[in-house]
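S.K.: the following block contains a protein sequence and its predicted model.
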Amino acid sequence: MDRELIARLAHADHPVNSPLDDESVRRLLQRTVGPGEQRVLDLGCGEAAWLLRALAARTDVTAEGVDTSAQLLAKARQEAVEQGVGQRLVLHRHDAAEFVSTRPFDAVLCVGATHAFGGLLPTLDAAAAHLAPGGRVLVGDAYWECEPTAEARELLGEYEDLATTVERVVAHGWTPVHGHISTRRELDDFEWCWTGSLAAWALEHPEDPDSAEVLAVASAHRSEWLRSYRDSFGFVTLVLRRTSECPDQ
Ligand SMILES: C[S@@+](CC[C@H](N)C(=O)[O-])C[C@H]1O[C@@H](n2cnc3c(N)ncnc32)[C@H](O)[C@@H]1O
């Protein structure tokens, strides 16, 4: 079965491929993308939902997105053309950890893709390498809301609690200038959209050879979420500046 089909279907019904609603995405972008001409980079951009929103909101923004998925990038390109922002968006099919650009960016985004760099702090190191002086980073990552089950750790990996997560970011040389903690509703919506879109597609395409397997994937994922990690999984998105550049530090 095509895993990219699953990824594409699973997020067809949600503003971005991370547990944030429309208003949260809008507010975080507003805090991240500064005034005037701005160059924005998204590492692990998927369908480039964050970049498309930034481009639609402001004509003085240009953007580049990096992802390993050809299908998601093709969808991003198609959307950009349909929305009339295609000329301001460059997409790279590349491992984000090895992406190199000759010019720095005013804003660097990495939401829900820190695994591409081996975790939150290495992601910030990679973002710093792309960032122009005074630039901002928008990073979204998981944390544990309470002690996770062994199964949750096995499924999702190792994280810290929220306070420790933010303290580690600060100790690493960054200052949060804004942030958003995904609400219970955003977290639940994300999972219902994930499993619901897949299940609906399977029910609507009974003749497709992948139908039964897609329904089984939706069902297994829903059980893992409800049984293993719904209570312990949290998601925080931080707008960061380098501490040494903040005048009040
Ligand atoms: C959870 S999605 C988040 C997408 C997007 N940031 C958003 O919030 O809508 C994670 C993305 O990271 C991409 N990805 C995973 N490993 C990667 C890598 N090594 N380099 C670039 N992209 C990667 C996946 O293809 C996927 O699109």
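M.R.: Yep, that arrived. Here the structure is a predicted model, which is why all the values come from computation and not from measurement.

S.K.: ok, and the closest non-adjacent residue to Glu245?
M.R.: Excluding the flanking residues, the one nearest Glu245 by CB to CB, 6 or more residues apart in numbering is Gly134, at 6.1 Å. C-beta coordinates here come from the backbone N, C-alpha and C atoms, glycine included.

S.K.: what of Ser69?
M.R.: Using CB to CB, 6+ apart and skipping residues adjacent in sequence, the residue nearest Ser69 is Glu4, 5.9 Å away.

S.K.: hmm, that neighbour is touching Thr68, no?
M.R.: No - contact status for Glu4 versus Thr68: not in contact, 10.2 Å apart, counting by CB atoms under 8 Å.

S.K.: these two: which has the busier surroundings?
M.R.: Thr68 (14 against 11; other CB atoms under 10 Å).

S.K.: neighbours around the residue nearest to the more buried one when sequence neighbours are not counted, how many?
M.R.: Nearest in space to Thr68, with sequence neighbours left out and distances taken as CB to CB, 6+ apart, is Asp95 at 6.0 Å. Neighbour count for Asp95, taken as other CB under 10 Å: 14.

S.K.: return the distance of Asp95 relative to the ligand.
M.R.: Applying CB to the nearest ligand atom, to the nearest Å, the value for Asp95 to the ligand is 4 Å.

S.K.: longest strand in this protein, please.
M.R.: strand 131-144 (DSSP state E).

S.K.: do any residues in the helix or strand following it lie close to the ligand?
M.R.: Using DSSP states H and E, the helix or strand that directly follows strand 131-144 along the chain is helix 150-156. No - residues of helix 150-156 contacting the ligand under CB under 6 Å from any ligand atom: none, with a closest distance of 12.1 Å.

S.K.: what lies in contact with helix 150-156?
M.R.: Ala142, Pro148, Glu224, Arg227, Ser228, Tyr229, Ser232, Phe233 (CB atoms under 8 Å, 6 or more residues apart in numbering).

S.K.: out of those residues, which sit inside helices?
M.R.: Residues from those lying in helices, with DSSP state H as the criterion: Glu224.

S.K.: tell me which helix or strand Tyr53 sits in.
M.R.: Careful, residue 53 is Arg; it's not Tyr. In this structure, Arg53 is located in helix 49-57 according to DSSP H and E.

S.K.: the helix or strand that that helix is followed by packs against which elements?
M.R.: For helix 49-57, the following helix or strand on the C-terminal side (DSSP H and E) is strand 61-67. Secondary structure elements in contact with strand 61-67, counted by 3 or more CB pairs under 8 Å, 6 or more residues apart in numbering; DSSP states H and E, are strand 38-43, helix 49-57, helix 70-82, strand 89-93.

S.K.: looking at the ones you listed, which is buried most?
M.R.: Among the helices and strands packed on strand 61-67, strand 38-43 has the highest mean neighbour count (mean count of other CB atoms under 10 Å), at a mean of 25.

S.K.: each with direction, which strands does that strand pair with?
M.R.: Note on strand 38-43: by DSSP bridges, its sheet partners are strand 61-67 (parallel), strand 105-111 (parallel).

S.K.: residues contacting the residue nearest to Glu245?
M.R.: Asp106, Arg241, Glu245.

S.K.: tell me the residues of this protein that contact the ligand?
M.R.: Applying CB under 6 Å from any ligand atom, one finds that the chain approaches the ligand through 16-18, 44-46, 49-50, 66-69, 72, 95-97, 111-113, 116.

S.K.: can I get the buried part of the contacts of helix 150-156 as one PyMOL selection?
M.R.: Buried residues among the contacts of helix 150-156 (16 or more other CB atoms under 10 Å), as a PyMOL selection:
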select buried, resi 142+148+224+228+229+232+233
